[in-house]
Structures are given as C-alpha cells and as structure tokens.
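In: could you work out the structure for the sequence below:
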Amino acid sequence: MTVSSSPAASPAARICGPVDPYRHVFAEPLALVMPDASTARARSRRRTLACLIATGILLVVLGIQFRGDAASRLSGVPAPRWHWLAACAGATALFYVANGVSLRSASGLRMSLRTVTAVQLAAAATNRIVPAGLGAIAVHLRFLQRRGMTRPAALAAVASVKGAGAVTHLLGLAIVAGTLSDSGIGTAVVSPVRTTVHDLGAGPTTIGVVIVMALVTGTVAHPRVRVVVRPAARVFRSHLSTLAHSPGRAALLVASQAATRLFQILALACTVWAFGASVTLMSVATVYLVGSMVAGAAPTAGGVGALEPALAFGLTAAGGSAATMLAAVLVYRVISFWLPVVPGALALAGLRRSGDL
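Out: Numbering: from 1, shown residues only. Model prediction:
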C-alpha cells in the first residue's frame, strides 16, 4: 500500500484541508496564515528605508522644480488660518478610516479598525512611488492574502471597493450637475488637458492613445494574464452575488466609499476657507469631483502634476483669486497627500514586523 504525503502543503491546507481556489471568503473565510516573523523582519527595514529615500528624492526634485514659480505666484497670498488647516488634517485622517471600513466590508474578515486604517496608510505611502494606484492595490492584495484569502478572492474584494468608489463618484457628479452647468468650472478644470493636447498636436496625441490601447489589449490577451483573470472574474461574480444577499454589508461598503469623497471635499474646502476665500462647499465639491476624474487619467503617482492645476483652475472659476487658489491647492496636497507618507511608512514597517504584510 502506497501512502502519499505532501510535505510542501501550505499551513492553510494543513489546518483546513484542501483549499478550493474559487471558494468565496464570505461563505467561509480561510484560516489565518502567519508568515515567518524572522524573515519578514529581516527585509522590512531595508524596504522601508528604500521607500523613504525614494520619497525624499521625489520631494526634493519637486521642490527644486517648482520653487521659483511658486514663490513668484504666492508672494501676495495672505497667511492661512491654522484652525482650518487642523480641520483639513482631521478630515484627511477620517478619509483613511473610511477607506479601512471599505476594505473590511468588502473582504468580510473580522479585523480591527486600527489594523485596516494602518493598511490604508501603508498603501498610501506605497502609492506615492508606484503610479496608477498599483502600489495600493499590491499592499491590499498582500494584506488580504496574509489574512488567509485566496488571490482571486482578494482581487474580488479590492475590485468591489474600486467599483463602489466609481459608483459613488458618479452619483456625486450627478448631484453637482446643476452647479456644473451654471458655471465655468467644468471648462476651467478641463482646460489644462485641452492646452496640453493642443500643444502636442492631434498626431502625437492619437499615436499615444493607440499605443496605450494596444498595450492594454496585449496585456489582457496574454495567456498568463488570462489564467489569473479567469478565476478572479469567477470569484468576483460570486462576490457580487454575496453582496446582493448581504444588504447591510453592501450598504456599508457604498456609504464608506461615499464618505471618502466627502472627507476629501471637506479637506479641500477647509484649505480654501483657511485663506479667506468665499467659495461655497457645493462649488468645492464640483471642482474636486470633476478635477479628480480628469486627473485620474494621468500616469503619475497620485495624479501629481495633473490634479493640482485642475483644482486650481476650477476653484478660480468658482470665484477665488488665482494666486490664493493655487496656494490653497498646494497646502491641501501637502496635508492630504504628502504628510501621510510619514505615518504610512511607520505603518508599513509595523505591519511587516507583525506579519500582516
């Protein structure tokens, strides 16, 4: 009689038996698999140091590049009122908490709010280096897999968060459509893109679009990509079916994603009001929703270089002075985009030491 053995079986398989790669995490979350703490600790310091060095280099380059232009434009801007800047920081902190609630709702795993918020900070720090949100997606996938989810299930959870965010963003645009049609905000936000396309010319722009579409099509059609996407799509359909039968969890997911947009709008409004501008909250919401959607097409990390002019042009069209609105946007980006890098790097190192990443 032959006895088969599988010494290479994963800890999850030894604990739970054979793992079905298509089993949905809502039905029965997989067992928690903790990595070897010694190996994770040995590499966490080097990767965190590399992340901090790369972020520092990027900040220095941006500072040198825009120092002269910013100084000339902002010479007559009044000093901001600090209590509004503190309110902006508070809204930014709530933004990360709401994102953590979204991840917990989408995954169906029992996790503390502190842990999922730390994951959002770590993802934000990684996202400042890797473009197009890929850094945050990688951190989320890594975290959910460490928590015992299969890769298709983790992909489905992350995709559901992105989908809920897109739905709430479109709903927000529908709400502010009246403000958008009665003002020149939409034209002002899109004007930087139109100017860039006009300067490049129709030919280079068309060639660039064709190249991007060809790369996307080739990537999707690649056999290795199809092997990964096919089971993920199957689990995603199961994920949506489970959310449809869990209205409480689905409502929490959508509400938390709507809260992330609201907190970003409030953070931007606080910086605008900190400089004494009399721009209404509805106008700020319109500028943010339209500007972030336009800047989302930029290949830079976090839309750097695309979101700033879009917001500044839109707020100027909403009634603020050009120099003041530029200052407000720069301060908003420093508080909501760059300052979280420091706690994000600390959270990244802490999650690696604890074995969550």
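In: quick one, what contacts residue 145?
Out: By CB atoms under 8 Å, 6 or more residues apart in numbering, the contact set of residue 145 is 151, 154. For glycine as for every other residue, the C-beta is placed from the backbone atoms N, C-alpha and C.
In: that one: which element?
Out: helix 134-146 (DSSP states H and E).
In: cool, and residue 122?
Out: helix 113-127.
In: tell me which residues in that helix are buried?
Out: When burial is assessed from 16 or more other CB atoms under 10 Å, helix 113-127 yields the following buried residues: 115-127.
In: would you check these and say which has the weakest pLDDT?
Out: Ranked by pLDDT, those bottom out at residue 127, which has 81.
In: wouldn't that one be in contact with residue 121 here?
Out: No. Counting by CB atoms under 8 Å, residue 121 is not a contact partner of residue 127; they are 10.5 Å apart.
In: what segments of the stretch 51-200 of the chain are helices?
Out: Along the stretch 51-200 of the chain, counting by DSSP state H, counting those that start in this stretch, helices occupy 82-107, 113-127, 134-146, 151-175, 177-181, 185-200.
In: where does the stretch 101-250 of the chain dip in pLDDT?
Out: For the stretch 101-250 of the chain, the stretches with pLDDT under 70 are 130-133, 179-205, 208-209, 212, 215-222, 224-226, 228-229, 232.
In: report pLDDT for residue 271.
Out: Looking at residue 271, its pLDDT reads 95.
In: thought it was touching residue 325?
Out: No. Using CB under 8 Å, residue 271 is not in contact with residue 325; the gap is 9.8 Å.
In: sorry, back to before: compute the inter-axis angle for the helix holding residue 122 and helix 82-107.
Out: 100 degrees (axes from the mean of the first three to the mean of the last three CA atoms, to 10 degrees).
In: okay, now residue 274: neighbour count?
Out: Residues near residue 274, counting by other CB atoms under 10 Å, number 23.
In: could you do residue 356 as well?
Out: 21.
In: that one reaches residue 148, doesn't it?
Out: No. The pair residue 356 / residue 148 is not scored as a contact, 11.5 Å apart, by CB under 8 Å.
In: for the helix holding residue 122, name the packing helices and strands.
Out: Packing partners of helix 113-127 (3 or more CB pairs under 8 Å, 6 or more residues apart in numbering; DSSP states H and E): helix 37-73, helix 82-107, helix 134-146, helix 341-354.
In: most tightly packed of the helices of the stretch 51-200 of the chain?
Out: Highest mean neighbour count among the helices of the stretch 51-200 of the chain (mean count of other CB atoms under 10 Å): helix 113-127, with a mean of 23.
In: got the contact list for that helix?
Out: Helix 113-127 is touched from outside by 51, 55, 96-97, 99-101, 103-104, 133-136, 138-140, 143, 301-302, 340-341, 343-345, 347-348, 350-351, 356-357, with contacts defined as CB under 8 Å, 6+ apart.
In: perfect, I'm done here.
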